[in-house]
Every structure is written in C-alpha cells, then in structure tokens.
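*Asks:* Sequence first, then the predicted structure:
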Amino acid sequence: MTVLWHLFLAFFIPGILGYGGGPASIPLIENEVVGHYHWMTVSTFSNVLAIGNSLPGPIAPQLAGYIGYEVGGVPGSLIALFATIAPSLILLIVLLQILYKFKDSPKVKRLTMLIRPIIVVMLGMMAFNFFATAKAASGWLPMILIGAASFVLMQRFKLHPALVIAGALLIGGVFMH
C-alpha cells in the first residue's frame, strides 16, 4: 500500500507543479522517480522517455503508465495514471471560470512570462543529465553523429521528427545494445 501511495505522490506532485504540460513535467517526474524514490537510474529513465517520445500522445501519462506498472504492477499503473491526470481534472473543473475571467490580465501575462525561463532551465538540466548518461554509455562520437544527423535531416531535408526519432531508435537498437 505504501508503494501505491508513493506512486500517487510521485506523479501527482509533478502534475500540479508542471506548468506548461508534459515537457515541463518530465524533469519533475525524473526527480521523483530517479532522485527521490530511486525506482530507476537516469539511463533507464532516459530510455523510457525516448520510447515514450516515439509514441503518439502526451508523454506524462505514458511515463506514468509504464513506471507505475514497473513499480506496482497493474494497480501501480492505474494509480500513477490517475495521479498524472487528476491535477488537470481538478484545475479544469474548479478553476476554469476564474482563469477565463482573468485571462487578459497583465499580471497573469507577466506571471506566464516569468515562469517560462524556469521551464527552460529545468529542461536544460535534464538534457545535460541525458547527455552525460549517453556519453558514459556510448561515448561522444555516436552521440554527436546522431545529434548532427538528426539536426541535418530535420533542418535541411525537412524530414518529419517522428521519422528521425524512429531512425534513432533503430540505430540505438541495432548498434548500441
């Protein structure tokens, strides 16, 4: 029962604090799953995140479903999914009218502008941790080559990011086991 409560907290707290949706929640989920509860390593979390990003749909429920299942089986998966979705449901039901009333307020717009740099820093720190893990696992050369190839394919050849992600998964699965 304690594990299920910890799963609930591990996904409910990022859901409340992750202003900006999935990308803003990912570092918070990583902090809970890797740093606080030690259910996964950074490397395992980054692999789960990579697979989740290659699938359609929002990332936070995908992470919650998988990690919840790994930690607590089917009940853990259901609890983690509910905990991920619950903050949005609460906000939609309770605060929708208030937010709609003040959406054009200069104070609300200023608050939004002040929160954006924090999200950028959190995403940057998570990317740095992933780069360090990738370097340790496969070295600088494969990491730089895959990154450069991805950049060129998307910028120069306008290849859809989903195809680049699928190609990177294929390369990782075949050559970097």
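*Replies:* All right, it came through fine. Numbers count the residues shown, from 1 in each chain.

*Asks:* I'd like the next helix or strand past whichever helix or strand residue 150 is part of.
*Replies:* Per DSSP states H and E, residue 150 falls inside helix 140-155. Next helix or strand after helix 140-155 toward the C-terminus (DSSP H and E): helix 161-175.

*Asks:* counting contacts, what elements does that following helix pack onto?
*Replies:* helix 42-54, helix 140-155 (3 or more C-beta pairs under 8 Å, 6 or more residues apart in numbering; DSSP states H and E). C-beta coordinates here come from the backbone N, C-alpha and C atoms, glycine included.

*Asks:* residues touching the residue positioned nearest the centre of the chain, list them.
*Replies:* Nearest to the geometric centre of the chain sits residue 26, at 2.9 Å (C-alpha atoms, centre = their mean). Each residue near residue 26 by C-beta atoms under 8 Å, 6 or more residues apart in numbering is listed here: 49, 59, 60, 63, 123, 126.

*Asks:* about what we covered before: the helix holding residue 150: which residues count as buried?
*Replies:* For helix 140-155, the neighbour count (16 or more other C-beta atoms under 10 Å) marks 142, 143, 146, 150, 153 as buried.

*Asks:* Next: stretch 130-142.
*Replies:* 130, 133, 134, 142.

*Asks:* Now it - C-alpha only, PDB.
*Replies:* Only the C-alpha atoms of stretch 130-142 are listed here, as PDB (Å, rounded to 0.1, in the frame of the first residue of the first chain):
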ATOM      1  CA  PHE A 130      20.900  12.800 -20.500                       C
ATOM      2  CA  PHE A 131      24.000  13.900 -22.500                       C
ATOM      3  CA  ALA A 132      26.200  12.800 -19.600                       C
ATOM      4  CA  THR A 133      24.500   9.400 -19.400                       C
ATOM      5  CA  ALA A 134      24.700   9.000 -23.200                       C
ATOM      6  CA  LYS A 135      28.400   9.900 -23.200                       C
ATOM      7  CA  ALA A 136      29.100   7.400 -20.500                       C
ATOM      8  CA  ALA A 137      27.100   4.700 -22.300                       C
ATOM      9  CA  SER A 138      28.300   5.100 -25.900                       C
ATOM     10  CA  GLY A 139      30.900   7.900 -25.900                       C
ATOM     11  CA  TRP A 140      31.000  11.300 -27.600                       C
ATOM     12  CA  LEU A 141      31.300  10.200 -31.200                       C
ATOM     13  CA  PRO A 142      28.000   8.300 -31.600                       C
END
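
*Asks:* What lies in contact with it?
*Replies:* 42, 43, 46, 143, 175, 176.

*Asks:* what do you get if the cut-off is 10 Å, keeping everything else the same?
*Replies:* In this structure, residues lying in contact with stretch 130-142 by C-beta atoms under 10 Å, 6 or more residues apart in numbering are 30, 41-47, 49-50, 143-144, 146-147, 171-172, 175-176.
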